[in-house]
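In: sharing a model prediction with you, sequence too.
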Amino acid sequence: MNTPVASQLNILLMSMELGNKEWRLRFSNQIREREVVIPARDLEKLRQAIATSKEKLKLSEGCRVVSCYEAGRDGFWLHRCLEKMGVENLVVDSASIEVNRRKRRAKTDRVDAQKLLGMLVRHVIYQEKKMWQVVKVLTEAQEDARRRHREQDRLKKERTGHIARIKSLLVLHGISVKRLDSKVETYRDWAKAPLLEATQEELRREFERLEIVERQIRELSKNRMQQIESEATPGDRATAKLMRIKSIGLETASVLGFELFGCRTFNNRRQVGSFAGLTGTPYQSGDSNHEQGISKAGNVRVRHKMVEVSWLWLRFQKESALTKWYFKQYGPDSHRKRRVGIVAVARKLLVALWKYVEFGEMPEGALLKVA
């Protein structure tokens with residue numbers, strides 16, 4: 001382990017445990033520590049706590065301040081605010097923080113703040129860069145661009161919920177239908193009698209909510225297509241480019257365009273696969289040596305879409321090199337082996353699409369859509 005030099009001793013380190021009602025701040029000058037609790041989102045109290053800690057810990061007023069907090073519901077607005085205050089901030093992936101492996105371990109906000117501060121000391125003072133994962137903070141424009149496809153995913157889940165609720169109410173009275181009809185009075189129960197008044201009213205309200213959700217989905221889809229066709233941002237351009245390939249539609253292209261290619265840069269294919277959590281996790285200890293499966297430590301939206309589009313790729317891109325490789329490797333195998341193989345296809349396809357978007361390299365044997 002490296003030892004800190006004299007220039008590193010005039011640094012105020014701060015870890016932040018963020019709650020909905022209060023924030024727990026823990027400060028250190030590498031010799032002493034102090035803890036302060038302030039109301040959540042009270043930026044004036046935050047400034048005062050930093051200034052007071054400099055004084056209490058005998059640091060100069062203009063000393064370097066480095067802070068960290070776990071990525072979560074608060075997002076990145078606090079990171080931008082701290083940077084405007086002159087604080088160097090790190091947003092840390094909470095899943096990458098070391099924890100005690102005992103069956104039962106103490107977990108409190110105080111313990112979490114102490115752990116974060118200890119790891120911040122190791123990161124800043126001793127230059128241990130691989131002990132945790134620091135999240136790349138997107139710009140406000142990049143964050144805002146992701147809202148459209150994320151909202152549409154949420155609306156589709158709401159639509160599914162309303163449809164399931166309507167069908168459940170109908171089944172409750174012995175009615176099973178494939179297509180829903182908003183004319184509630186036409187439904188007849190098991191005895192061929194009209195539904196009772198309270199049930200009809202509930203069904204009407206459910207149909208009204210379903211209509212609102214469907215209208216919003218249509219409007220959002222229209223707005224998204226107009227935005228993508230404008231190709232005003234890197235995400236729009238990446239999405240439009242991906243949609244030219246057969247088997248890739250609006251939803252998959254939007255997720256890859258705005259979550260991956262429109263706001264990230266990668267140096268090699270390993271980084272691309274790692275971002276989606278599609279890299280392997282070997283287990284080797286003594287005589288034990290086996291593969292545990294993919295890490296899943298990445299963007300879950302990208303990973304799910306890649307698995308979905310991989311099945312479509314096998315169906316619509318039958319002449320591509322990737323499809324031929326899959327059927328050669330996994331075609332004769334069992335259904336389970338083929339499902340394992342589709343993950344390999346997803347990883348290879350993601351790398352191929354990255355090369356296509358970044359360098360214009362068309363996946364070998366792939367077809368474009370007919371204009």
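Out: Received, thanks. Computed from a prediction, not measured in an experiment: that's the story for all the values here. Numbers count the residues shown, from 1 in each chain.
In: low-confidence ranges, the chain, go.
Out: The model of the chain has pLDDT under 70 over residues 1-8, 371.
In: residue closest to the middle of it?
Out: Asn299 (4.4 Å; CA atoms, centre = their mean).
In: residue contacts, that residue?
Out: For Asn299, the contacting residues are 259-260, 275-277, by CB atoms under 8 Å, 6 or more residues apart in numbering. Where you see a C-beta, it was placed from the backbone N, CA and C, and this is true even at glycine.
In: which of these has the largest number of neighbours?
Out: When neighbours are counted by other CB atoms under 10 Å, Ala276 leads those with 28 neighbours.
In: how close does that residue sit to Ala95?
Out: Separation of Ala276 from Ala95 (CB to CB, to the nearest Å) stands at 15 Å.
In: equivalent analysis for Asn89, please.
Out: Going from Asn89 to Ala95 by CB to CB gives 19 Å.
In: and those two? Which one has more around it.
Out: More neighbours surround Asn89 than the other of Asn89 and Ala95, with 20 against 11 (other CB under 10 Å).
In: my read: the more buried one touches Ala71, true?
Out: No. If you go by CB atoms under 8 Å, Asn89 and Ala71 don't touch, sitting 11.6 Å apart.
In: filter the contacts of Asn299 down to the ones in strands?
Out: The members of the contacts of Asn299 all map outside strands under DSSP state E.
In: is it possible to get a markdown table of these that adds distance to Glu151?
Out: Converted to a markdown table, those look like this (distance: CB to CB, whole Å):
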| residue | distance to Glu151 |
| --- | --- |
| Glu259 | 14 |
| Leu260 | 18 |
| Phe275 | 22 |
| Ala276 | 22 |
| Gly277 | 23 |
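In: tell me the one of those nearest Arg150?
Out: Within these, proximity to Arg150 (CB to CB) peaks at Glu259, which comes in at 9.0 Å.
In: give the contact list for that closest one.
Out: By CB under 8 Å, 6+ apart, the neighbours of Glu259 are 146, 299, 301-302.
In: among the residues you listed, which ones are buried?
Out: 146, 299, 301-302 (16 or more other CB atoms under 10 Å).
In: redo those residues as TSV? Include distance to Arg336.
Out: Below are those laid out as TSV (distance: CB to CB, whole Å):
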residue	distance to Arg336
Arg146	34
Asn299	26
Arg301	25
Val302	24
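In: show me which of these is closest to Thr160.
Out: Thr160 lies nearest to Arg301 out of these, by CB to CB, at 17.3 Å.
In: just to check, that closest one is in contact with Leu256?
Out: No. Using CB under 8 Å, Arg301 makes no contact with Leu256, being 9.3 Å away.
In: Arg26 sits in which helix or strand?
Out: If you go by DSSP states H and E, Arg26 is part of strand 22-28.
In: and that strand, which strands flank it?
Out: Paired strands of strand 22-28, with direction, are strand 11-18 (antiparallel), strand 33-39 (antiparallel) (DSSP bridges).
In: right, I'll call it a day here.
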